[in-house]
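> My questions are about this predicted structure, shown below with the sequence.
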Amino acid sequence: MSAALGALLGLGLAATVFLPRTTVRGPAVHLFRAFFPSWRFFEDTGPAPRLMHRLIGPDGAAGPWLDTLPPVIRGPLALFYNPAGNLRLACGSLVDQLVAELATLDEAALARGDLRALDGLMPYRLVRRLVAERITAATTPAFQLRLVLDDPRCSPDEREVLFESPVLTVEETK
Amino acid sequence: MSPEALVLDVTSRLVGLACALQGLELLALRPAWGRGGVFCFSILQDDLRALPAPLRPLLARLLDAPGFEVVLRVRLLAALIALGTAHPATLPVLLVTQVLVSLRWRGAFNGGSDAMTLVVLLGLNAAALSPASSTLARGALLYIALQAVLSYFIAGVVKLRGPRWRSGAVLTEIAAAERYQAPPLATRLLARPAVARTAAWTVMLFDTCFPVALLGPRLALVFVGAALVFHLLNTWLFGLNRFLFSWAAAWPAVLYAAALLGP
C-alpha cells in the first residue's frame, strides 16, 4: 500500500473512532436505515428486554407471567435456512424498538391513564398482536403484556420491570 | 477477464446466494407478514406516511401481502440467476427488492445483514452502470471492501470501549439471553469468567485489527479465514446465519483491495 493511501485509510479509521457521532432521527430515516449502517454491533451492553404476558380470566383473575416468544430449536440446516430463528430475532428487535419509543412518551400522561400516545406507537401495536397471536388458542379473552430486563444475574421474580400494559382484550388487538 | 471483472462476477454469485437464502426464509414466514399476521401491512402502512405521497399507492401495492409475495418470488428468481450466471440484469432487481424488503420490515428485517447486502448490491450496481470502466469497477469494489473493513473495525472499537466487554461480562450475558437461544454447552462455557474474558478479547482483537487485512493478500486471506470461523461461530451460538452469507459476499472485495493496495 502506498504511504499516502495508508495514511488516508488510517485517518479515515481514526475519524470513525474519534469524531463526535451525529444521530439523525426521523420516520423516513428509520425506514431507510439500512443505507446508513453504523456497524456498532452489541454496543449497548446492558441486558436486553424480554417480552412476557399473562392471561386474565373472565373473572378477572390473572395467571402467571409467561415468556411470549417460544424457544426455537436450531438444527444443522439452520446455517443456511433459519426462518423461525430470524423471525424471533426480528421480534427481539421489535421489542427493542418498543422500549426505545416508550422512553419518548410523556410518563405523566401514561400515569393518568391517557393511553392515546401509547396506542399510537407502531411497535406497541405490533407487540400487542404478537402476544395476542400466541394466546389465540386459549379461551382467555384478555391479557397483559410486560417488558422485563433479561438479566441472567437475577431470578425471574427479581427482574426489573420496564413496562406493563393495561389489560387488553384479544378481540380488540386482532 | 480482468481482475475486476472476475471479482465482480464472484461477488455477484455470492450475493445471489445470500439473497436466495434470505428470500426462501421470508417466503416461509408468510404467516407472519400476510394478512392477519403479526406484521400485516394494514398496520405497517402507517409507516408510509413518512414518504412522499405520490409513492405511497405504489408501495402499498408492492408491500401488502399479495404484492409482497410477488416481490419475494421475483427476488428469489433474480437471486438464483445471479448465483448461476452472475448476469448483470439481476443486480437492479436485487437492489430494488432489497430496499422493498427493508421497507416492509420497518427499515430492516435482520439489521446488519440487510445493511451489508445493500452495501454489496450498491457497489455491484454502480459497477454495472458502465461495465467497460475499470475505474468504476475498482471504485465499487473498494467501496464494498471499505464497508466490510469498517464493519469489523467499528464493531471492535465500540466493544473495546466498554468495560463490561473487556471483562467478558457482556458475552456471558448474550450467551444466557433468551433472545439468542445459545446452545447450553456454550452458555455454560461462557458463564466461566476466564472463558468469557478470553473469548471477548479474541473477538475484540480480531474485529479491531481487521484493517490490517488490507496490507497484503496473504494477510487478507488470514483475516477472511478468521472471519469465516467467526461468522460460523456466531451462526452456531446465536443463529445469525444471514450475517455469514451477507459478509461472505463482501470478502472477495476485501481480497481484491488487499491485492491492489498491498505491496
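Noted; the coordinates are in hand.
> Where do the strands of chain A begin and end?
A:49-56, A:66-67, A:142-149, A:161-164, A:168-169 (DSSP state E).
> Now mean neighbour count and distance to residue B:248 too, for those strands, in TSV please.
All C-beta atoms are positioned from the backbone trio N, CA, C, and that covers glycine. Output for the strands of chain A, formatted as TSV (neighbours: other C-beta atoms under 10 Å in any protein chain shown; distance: least, C-beta to C-beta, whole Å):
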stretch	mean neighbour count	distance to residue B:248
strand A:49-56	21	31
strand A:66-67	14	33
strand A:142-149	20	35
strand A:161-164	15	37
strand A:168-169	16	43
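> CSV for those, including distance to residue B:253 and mean pLDDT?
As requested, the strands of chain A are arranged in CSV below (distance: least, C-beta to C-beta, whole Å; pLDDT from 0 to 100):
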stretch, distance to residue B:253, mean pLDDT
strand A:49-56, 36, 92
strand A:66-67, 41, 91
strand A:142-149, 40, 92
strand A:161-164, 41, 91
strand A:168-169, 49, 88
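> Would you tell me which of these gets closest to chain B?
strand A:49-56 (5.6 Å; C-beta to the nearest C-beta).
> Quick one: residues in contact with that closest one.
Under the contact criterion C-beta atoms under 8 Å, 6 or more residues apart in numbering or on different chains, strand A:49-56 has outside partners A:62-69, A:91, A:95-96, A:98-99, A:127, A:130-131, A:134-135, A:138, A:140-150, A:159, A:162, A:167, B:178-179.
> If I take it and strand A:142-149, what angle do their directions form?
Computed by axes from the mean of the first three to the mean of the last three C-alpha atoms, to 10 degrees, the angle separating strand A:49-56 from strand A:142-149 equals 160 degrees.
> With just CA atoms, put strand A:49-56 into PDB.
C-alpha atoms of strand A:49-56 as PDB (Å, rounded to 0.1, in the frame of the first residue of the first chain):
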ATOM      1  CA  PRO A  49     -35.600  -6.500  27.200                       C
ATOM      2  CA  ARG A  50     -37.700  -9.700  27.400                       C
ATOM      3  CA  LEU A  51     -41.400  -9.900  26.400                       C
ATOM      4  CA  MET A  52     -43.800 -11.600  28.800                       C
ATOM      5  CA  HIS A  53     -47.600 -11.800  29.100                       C
ATOM      6  CA  ARG A  54     -50.200 -13.200  31.400                       C
ATOM      7  CA  LEU A  55     -53.700 -14.300  30.800                       C
ATOM      8  CA  ILE A  56     -56.600 -12.600  32.600                       C
END
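> So what would you say the end-to-end distance of stretch A:104-122 is?
Using C-alpha to C-alpha, to the nearest Å, one end of stretch A:104-122 lies 13 Å from the other.
> List the buried residues of that stretch.
A:105, A:118, A:121-122 (16 or more other C-beta atoms under 10 Å in any protein chain shown).
> Repeat that for stretch B:229-247.
Applying 16+ other C-beta under 10 Å to stretch B:229-247 flags B:230-231, B:234-247 as buried.
> Residue B:11 and residue B:252 touch, don't they?
Yes: using C-beta atoms under 8 Å, residue B:11 is in contact with residue B:252, at 5.0 Å.
> and these two? which has more neighbours close in?
Taking neighbours as other C-beta atoms under 10 Å in any protein chain shown, residue B:11 and residue B:252 compare with residue B:11 leading, 27 against 24.
> and the more buried one, that one's in a helix?
Yes: looking at residue B:11 with DSSP: H, G, I helix; E, B strand; the rest coil, it is inside a helix.
> So for it, what pLDDT did the model give?
Predicted confidence (pLDDT) for residue B:11: 98.
> Likewise for residue A:26?
We have a pLDDT of 77 for residue A:26.
> residues in contact with the residue lying closest to it once chain neighbours are set aside?
Spatially, and ignoring its direct neighbours in sequence, residue A:26 is nearest to residue B:50 (7.3 Å; C-beta to C-beta, 6 or more residues apart in numbering or on different chains). By C-beta under 8 Å, 6+ apart, the residues touching residue B:50 are A:26-28, A:30-31.
> Touching, residue B:113 and residue B:239? I think so.
No: with contacts counted by C-beta under 8 Å, residue B:113 stays clear of residue B:239, the gap being 11.8 Å.
> what's the neighbour count on residue B:5?
Neighbours of residue B:5 using other C-beta under 10 Å come to 14.
> typo on my end, residue B:260
A count of neighbours around residue B:260, defined by other C-beta under 10 Å, yields 18.
> re earlier: could you restrict the buried residues of stretch B:229-247 to the ones contacting chain A?
B:235, B:239-242, B:244 (C-beta under 8 Å from any C-beta of the partner chain).
> Can you add secondary structure and pLDDT and give those back as JSON lines?
Below are those laid out as JSON lines (DSSP: H, G, I helix; E, B strand; the rest coil; pLDDT from 0 to 100):
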{"residue": "B:235", "secondary structure": "helix", "pLDDT": "94"}
{"residue": "B:239", "secondary structure": "coil", "pLDDT": "92"}
{"residue": "B:240", "secondary structure": "coil", "pLDDT": "94"}
{"residue": "B:241", "secondary structure": "helix", "pLDDT": "95"}
{"residue": "B:242", "secondary structure": "helix", "pLDDT": "96"}
{"residue": "B:244", "secondary structure": "helix", "pLDDT": "97"}
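> who's in contact with residue B:16?
B:78-84, B:86, B:90, B:94.
> biggest separation within the residues you listed, which pair?
Of all pairs drawn from these, the greatest distance, 13.6 Å, lies between B:84 and B:94 (C-beta to C-beta).
> Between these two, which has more neighbouring residues?
residue B:94 (28 against 12).
> The helix or strand hosting that one packs against which elements?
Following DSSP states H and E, one finds residue B:94 within helix B:90-104. Applying 3 or more C-beta pairs under 8 Å, 6 or more residues apart in numbering or on different chains; DSSP states H and E, one finds that helix B:90-104 contacts helix B:3-28, helix B:56-63, helix B:65-85, helix B:112-128.
> quick one, that helix and helix B:112-128 angle?
150 degrees.
> Give me the distance from helix B:90-104 to the chain's centre.
Mean-position distance between helix B:90-104 and its chain equals 13 Å (C-alpha atoms, centre = their mean, to the nearest Å).
> average pLDDT for that helix?
pLDDT averaged over helix B:90-104 gives 96.
> between it and helix B:3-28, how many degrees?
Using the same axes, to 10 degrees: helix B:90-104 against helix B:3-28 is 40 degrees.
> Can you dump the C-alpha atoms of helix B:90-104 in CSV for me?
Extracted C-alpha coordinates of helix B:90-104, given in CSV (Å, rounded to 0.1, in the frame of the first residue of the first chain):
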residue,chain,number,x,y,z
THR,B,90,-30.3,-9.3,-12.0
LEU,B,91,-28.5,-6.6,-10.0
PRO,B,92,-31.0,-3.8,-10.2
VAL,B,93,-33.8,-6.3,-9.4
LEU,B,94,-32.0,-7.5,-6.3
LEU,B,95,-31.2,-3.9,-5.2
VAL,B,96,-34.8,-2.7,-5.6
THR,B,97,-36.3,-5.7,-3.9
GLN,B,98,-33.8,-5.4,-1.1
VAL,B,99,-35.0,-1.9,-0.4
LEU,B,100,-38.6,-3.1,-0.6
VAL,B,101,-37.9,-5.9,1.9
SER,B,102,-36.3,-3.4,4.3
LEU,B,103,-39.2,-1.0,4.0
ARG,B,104,-41.6,-3.9,4.6
